[in-house]
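Enquirer: Could you work out the structure for the sequence below:
(one chain, ligands or ions: 1)
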Amino acid sequence: MSGRLEGKVALITGAGMGQGREACRLFAEHGARIIALEIDEKALADTVALVKGEGGEIAGFVTDVSDEEQVKAGVEGGVAQFGKLDVVYNNAGVLWRDYDSSVVDTPRDHWDKVIAINLTGVFLVLKYAVPHLKENGGGSIINVGSISALVGFSRPQDAYTSAKGALIALTKSLAVQYGPDHIRANIIHPGIIDTPMQAREMAKPEWVADVVSSIPLGRVGQPRDIAYAALYLASDEASWVTGAELLVDGGFIAT
Ligand SMILES: NC(=O)c1ccc[n+]([C@@H]2O[C@H](COP(=O)([O-])OP(=O)(O)OC[C@H]3O[C@@H](n4cnc5c(N)ncnc54)[C@H](O)[C@@H]3O)[C@@H](O)[C@H]2O)c1
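Expert: Numbers count the residues shown, from 1 in each chain. Have a look, this model is predicted:
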C-alpha cells in the first residue's frame with residue numbers, strides 16, 4: 001500500500017453507492033480517514049462496514065446534503081471525531097431522468113429539488129467545511145460536474161445540466177478565493193459510469209452498445225476510474241493543480 005493520502009481526513013458526500021462508495025474504499029486504502037455523508041441510511045451502513053472490513057477508518061453520518069442542519073451536523077461531527085479536515089469531495093448528486101427534462105416540461109418544484117441537491121448541497125457542505133480547511137492550513141476541494149455540462153445533450157435534463165455547469169464556475173471562484181489559503185478546488189467531469197445512477201440504462205444492451213460506440217476507449221467507465229482521478233486531486237501530488245477541470249470519460253467528448 002502506497003498511502004498517497006496518509007494522515008489526511010477526507011469528507012465524501014454520496015458515500016453510500018457508486019463513485020462515492022468506491023472513493024471511500026480507495027481513499028481509505030491510501031491512508032485517509034473518511035467522513036462519509038449519505039442520505040440513504042442502509043447504503044451508508046453498508047459502505048461503513050465495507051471500509052472497516054477492509055481495514056479502513058470511517059465515520060458515517062446520515063445526511064441529506066440539501067438540508068443545512070444535517071450538513072452542519074455531519075461536517076462538525078466528522079471533524080470532531082477525526083480532529084481536522086484535509087479533503088472535501090462533493091460527490092453526491094441525482095440524475096432523475098423521469099423528473100427533470102426540458103425547461104418547458106419541468107415543473108418548478110422538480111427544478112428546485114434537483115438544484116437543491118446538485119448545487120445548493122455543494123454550497124452547504126462548503127459553507128461548513130471551508131473554515132476547517134482554512135484552520136488546517138489548506139486542503140483540497142473536489143467537485144463533480146458531468147460531460148452533460150460541457151455539451152448539449154439531445155435528451156434534456158436541464159436542471160441537472162445547469163447545476164453541473166454552475167459547479168464549474170463555483171470551482172473556479174473557490175480556486176481564486178482560497179488559493180492564498182492553500183486550498184485547491186478542482187472539478188472532475190465523469191463520462192458514463194456504471195453505477196446505480198445508470199442502472200436502468202445499463203440494463204438495456206442496445207443503449208450500452210450505442211454509448212460505447214461513441215467512446216474511443218471502447219467501454220463505459222467504472223467507479224474506480226473516477227476514484228483514481230479524485231485520489232490524485234486529493235493528494236499532495238496535485239499541490240499545484242487548482243481551478244482545473246479533469247475530464248474522465250474514455251474520450252467521449254473528444255469525438
Ligand atoms: N454515473 C454517471 O454516469 C455519472 C456521469 C456524470 C456525472 N456523474 C456524477 O457523479 C456523482 C456520483 O454519481 P454516481 O454515478 O455514483 O451516482 P449514484 O446514484 O450511484 O450514487 C449517488 C449517491 O449519492 C447519494 N445521494 C443522493 N442524494 C443525496 C442527498 N440529497 N444527500 C446525500 N447523498 C445523496 C445516493 O443515495 C447515492 O449513494 C454525481 O454527482 C453524479 O451526478 C455521474
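Enquirer: low pLDDT regions in this protein?
Expert: Within the chain, the segments meeting pLDDT under 70 span 1-2.
Enquirer: Tell me, how many residues neighbour Gln70?
Expert: Number of residues near Gln70 (other C-beta atoms under 10 Å) recorded here: 17. Using the backbone N, CA and C atoms, a C-beta is placed for each residue, glycine as well.
Enquirer: Next: the one 10 residues further on.
Expert: The burial metric for Ala80, expressed as a neighbour count using other C-beta under 10 Å, is 9.
Enquirer: Distance-wise, check it relative to Gly31.
Expert: In this view, Ala80 and Gly31 are 21 Å apart by C-beta to C-beta, to the nearest Å.
Enquirer: Could you do Asp109 as well?
Expert: Applying C-beta to C-beta, the value for Asp109 to Gly31 is 43 Å.
Enquirer: Tell me which of those two has more neighbours.
Expert: Between Asp109 and Gly31, counting by other C-beta under 10 Å, Gly31 is the more crowded of the two (16 against 9).
Enquirer: can you pull the contacts of that one?
Expert: By C-beta atoms under 8 Å, 6 or more residues apart in numbering, the contact list for Gly31 reads Met1, Gly3, Arg4, Leu5, Glu6, Gly7, Lys8.
Enquirer: ok, of those, which one's closest to the ligand?
Expert: Closest to the ligand out of those is Leu5 (19.4 Å), distances taken as C-beta to the nearest ligand atom.
Enquirer: got the phi/psi numbers for the closest residue to that closest one other than its chain neighbours?
Expert: Setting aside the residues directly before and after it, Leu5 is nearest to Ala32 in space (C-beta to C-beta, 6 or more residues apart in numbering), at 3.8 Å. As for Ala32, its main-chain torsions (degrees, to the nearest 10) stand at phi -80, psi 150.
Enquirer: now the one 4 residues further on
Expert: Backbone torsions of Ala36, given as degrees, to the nearest 10, read phi -100, psi 120.
Enquirer: Pull the number of nearby residues for it.
Expert: Per other C-beta under 10 Å, the neighbour tally for Ala36 reads 29.
Enquirer: Ok, Glu245 next?
Expert: If you count neighbours by other C-beta under 10 Å, Glu245 ends up with 15.
Enquirer: Verify the stated contact: it with Leu167.
Expert: No. Counting by C-beta atoms under 8 Å, Glu245 stays clear of Leu167, with 10.1 Å between them.
Enquirer: Could you pull up the residues touching the residue nearest the centre of the chain?
Expert: In the chain, the residue lying closest to the centroid (C-alpha atoms, centre = their mean) is Asn91, at 1.6 Å. Contact analysis of Asn91 by C-beta under 8 Å, 6+ apart lists Ile12, Thr13, Gly14, Ala15, Gln19, Gly20, Ala23, Ile142, Val144, Ala230.
Enquirer: got the contact list for the helix or strand containing the fifth one?
Expert: Read it as Gln19. For Gln19, the enclosing helix or strand under DSSP states H and E is helix 18-29. Residues from elsewhere that reach helix 18-29 (C-beta under 8 Å, 6+ apart): 1, 5, 10, 12-15, 34, 36, 38, 43, 46-47, 50-51, 54-58, 87, 89, 91-92, 144, 190, 193, 195-197, 223-224, 226-228, 230-231, 234.
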